[in-house]
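J.: Test case, fold it:
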Amino acid sequence: MTSRKSVLVLGGSSDIGRAAARAFAKAGYDVGLAGRDVAALEPDAADLRTRYSVEVGVYRFDVLDTAAFDGFVGSLPALPDVVISIVGLLGAQESAQSDLAHATTIMRSNYEGPSLILGLFAEKFLGRGSGTLVGVSSVAGDRGRASNYVYGSAKAGFSAFLSGLRARASRGGVHVVTVKPGFVRTKMTEGMKLIGPLTVEAPVVGDAILRAVETKTDVIYVSGKWRLVMLIIKTLPEAVFKKLKF
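T.: Residues are numbered from 1 along each chain as shown. All right, here's what the predicted structure looks like:
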């Protein structure tokens, strides 16, 4: 490793993961890309090396294989300065309502796995006395909605985990960032009816994550409009909220 700062992107083959990797590489960070399919990460790794003259490593990581987390962290050539968890699964709410296996996968992909791996890195960072952890959560976790409460509840749990971890880790020199992107045009949202004024492109999210890390921001809504929207939604009386069809 070089003397440059380094970032590890968990979920490096996702659209937001690729955008974050590019933003950090452009800023001079060495990059680690982690995902289930290492071969799929190689083209992006090669592009980052050529485009930004930084070191880029690729690593196999499966967020559902929690038994392998210790080995994964131990196998890294060096402890990164920043770890970003972008892994997640939107899933299908209608299927999850009756298919317990699908619901379990959604919950584990969005809460259990990301929380456990960031918690493990937190212990390493606290031992070192420095580092930044970033969790990409969702506005869906701000209040459960009929249309996606399985996914939303997992993201709510993840946001709560990050909040508690931030309070604890801040006492030991470690910063924790919660990112709430809102609607993003990605492969995951392809086919969904997105609201134009509330939708951003993946590179906007990548740049926002970099800014949050460098300015030590705690919680960010990538689009400021979402902060207002969710404030209104969270303050609606339950009797009114449960009648809304969204």
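J.: pLDDT of the helix or strand where V229 lies, averaged?
T.: V229 is located in helix 224-235, with elements delineated by DSSP states H and E. Average pLDDT, helix 224-235: 74.
J.: Can I get stretch 3-12 as PDB, trimmed to CA atoms?
T.: Written as PDB, here are the backbone C-alpha positions of stretch 3-12 (Å, rounded to 0.1, in the frame of the first residue of the first chain):
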ATOM      1  CA  SER A   3       1.000   6.500   1.800                       C
ATOM      2  CA  ARG A   4      -2.300   7.600   0.300                       C
ATOM      3  CA  LYS A   5      -5.500   7.200   2.200                       C
ATOM      4  CA  SER A   6      -7.500   4.100   1.200                       C
ATOM      5  CA  VAL A   7     -11.200   3.300   0.900                       C
ATOM      6  CA  LEU A   8     -12.900  -0.100   0.800                       C
ATOM      7  CA  VAL A   9     -16.200  -0.300  -1.000                       C
ATOM      8  CA  LEU A  10     -18.500  -3.200  -0.100                       C
ATOM      9  CA  GLY A  11     -20.800  -3.700  -2.900                       C
ATOM     10  CA  GLY A  12     -18.300  -2.400  -5.400                       C
END
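J.: what sits up against that stretch?
T.: Here stretch 3-12 makes contact (Cβ atoms under 8 Å, 6 or more residues apart in numbering) with 17-18, 20-21, 24, 28-35, 41, 44, 54-55, 58-59, 61, 63, 76, 78, 80-88, 114, 117. C-beta coordinates here come from the backbone N, C-alpha and C atoms, glycine included.
J.: From those residues, keep the buried residues only.
T.: Taking 16 or more other Cβ atoms under 10 Å as the criterion, what is buried in these is 17-18, 20-21, 24, 29-35, 41, 44, 54-55, 58-59, 61, 63, 76, 80-88, 114, 117.
J.: Identify each buried residue in stretch 154-173, please.
T.: For stretch 154-173, using 16+ other Cβ under 10 Å, the buried residues are A154, K155, A156, G157, F158, S159, F161, L162, L165, R166, A169.
J.: Quick one: mean pLDDT for it?
T.: 97.
J.: same deal with stretch 32-50?
T.: 96.
J.: now swap in stretch 13-28 and tell me
T.: In the prediction, stretch 13-28 has an average pLDDT of 95.
J.: Over to stretch 62-72?
T.: Mean pLDDT, taken over the full extent of stretch 62-72, equals 97.
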